[in-house]
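> any chance you could fold what I've pasted below:
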Amino acid sequence: MSLQDRIINHFTDSIQTQQDSMTYLCELIEFASQRLVSTLLNDKKILTCGNGHSATSAQLLSSAMLNQFERDRPSLPVIALTTDTATITAIANDFHFDDIFSKQLRALGQSGDLLVAYTDGTNSANIAKAITTAHDKEISVIALTGNNGGLIAPLLHEADIEIRVPSNSNARIQEIHILITHCLCDLIDHQLFG
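Prediction:
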């Protein structure tokens, strides 16, 4: 297979995953956006987390909400739990890597807040622990997953939302998570600011 054929395969796979996601996930994305808007209208905040590439998706949501997505508007309270390296490394060193999000969530999260957790479907123990902590604090969860949902899917409550990308490829899952994040940002702006 030539290099160009490999490139074409990536584009073709990405397009197919986007089409499958559009078919299966539109209603869930709409519902998630309404939950996010409701959280903000109730003067609560959104906390977000993820590992590796998923951390960048979490930070994308936070930066687009704190600053702006595609229009100038007031800042919205979204905190990425992935950004404070001193805190993350201290928790990992003094306790365990599995605690890096849950310990922050215990301190920063309040009942009625919302956790948006990103994972490509692998068994991310620290995301699982964050979800358990969220439930303990009466914080609902929106989980963006892939593959078979990994450790995350069985932890979710009926009031939570799982947006599972229909793919087993980490690259495709991560691409769709970014697209879903862009959709959520647009829908939040549209619902709050017209």
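> contacts only, for the residue nearest to T132 when sequence neighbours are not counted.
The shortest distance from T132 to any non-neighbouring residue, by C-beta to C-beta, 6 or more residues apart in numbering, is to L155 (6.5 Å). The C-beta positions use only the backbone N, C-alpha and C, and glycine is treated the same way. Counting by C-beta atoms under 8 Å, 6 or more residues apart in numbering, L155 makes contact with A128, I131, T132, H135.
> report how many residues lie close to the last one.
This means H135. 17 (other C-beta atoms under 10 Å).
> cool, and the third one?
Burial of T132, expressed as a neighbour count using other C-beta under 10 Å, amounts to 14.
> next helix or strand past the one helix or strand it maps to?
Per DSSP states H and E, T132 falls inside helix 125-136. Per DSSP H and E, the first helix or strand lying C-terminal to helix 125-136 is strand 140-145.
> what packs against that next one?
helix 3-41, strand 114-118, helix 125-136, strand 161-164, helix 170-193 (3 or more C-beta pairs under 8 Å, 6 or more residues apart in numbering; DSSP states H and E).
> what separates that strand from the chain centre, distance-wise?
With C-alpha atoms, centre = their mean, to the nearest Å as the basis, strand 140-145 stands 6 Å off its chain's centre.
> quick check: angle from it to helix 3-41?
Interaxial angle of strand 140-145 relative to helix 3-41 (axes from the mean of the first three to the mean of the last three C-alpha atoms, to 10 degrees): 180 degrees.
> describe which strands strand 140-145 pairs with in its sheet and in which direction.
strand 114-118 (parallel), strand 161-164 (parallel) (DSSP bridges).
> avg pLDDT for that strand?
Taken as a whole, strand 140-145 has an average pLDDT of 97.
> what inclination does that strand have with respect to helix 125-136?
Going by the same axes, to 10 degrees, strand 140-145 makes 160 degrees with helix 125-136.
> follow-up on the earlier one: and the helices and strands packed on strand 140-145: which comes nearest A58?
strand 114-118 (5.3 Å; C-beta to C-beta).
> quick one: low-confidence residue ranges for the protein.
Of all residues in the chain, none has pLDDT under 70.
> what's the burial count for A153?
By other C-beta under 10 Å, the residues close to A153 number 15.
> ditto for R71
9.
> what distance do you get for the nearest residue to it once chain neighbours are set aside to N67?
Distances taken as C-beta to C-beta, 6+ apart put D189 closest to R71, at 6.1 Å, once the chain neighbours are dropped. As judged by C-beta to C-beta, to the nearest Å, D189 and N67 stand 12 Å apart.
> which of these two has more neighbours?
Comparing D189 with N67 by other C-beta under 10 Å, the one with more neighbours is D189, at 20 against 11.
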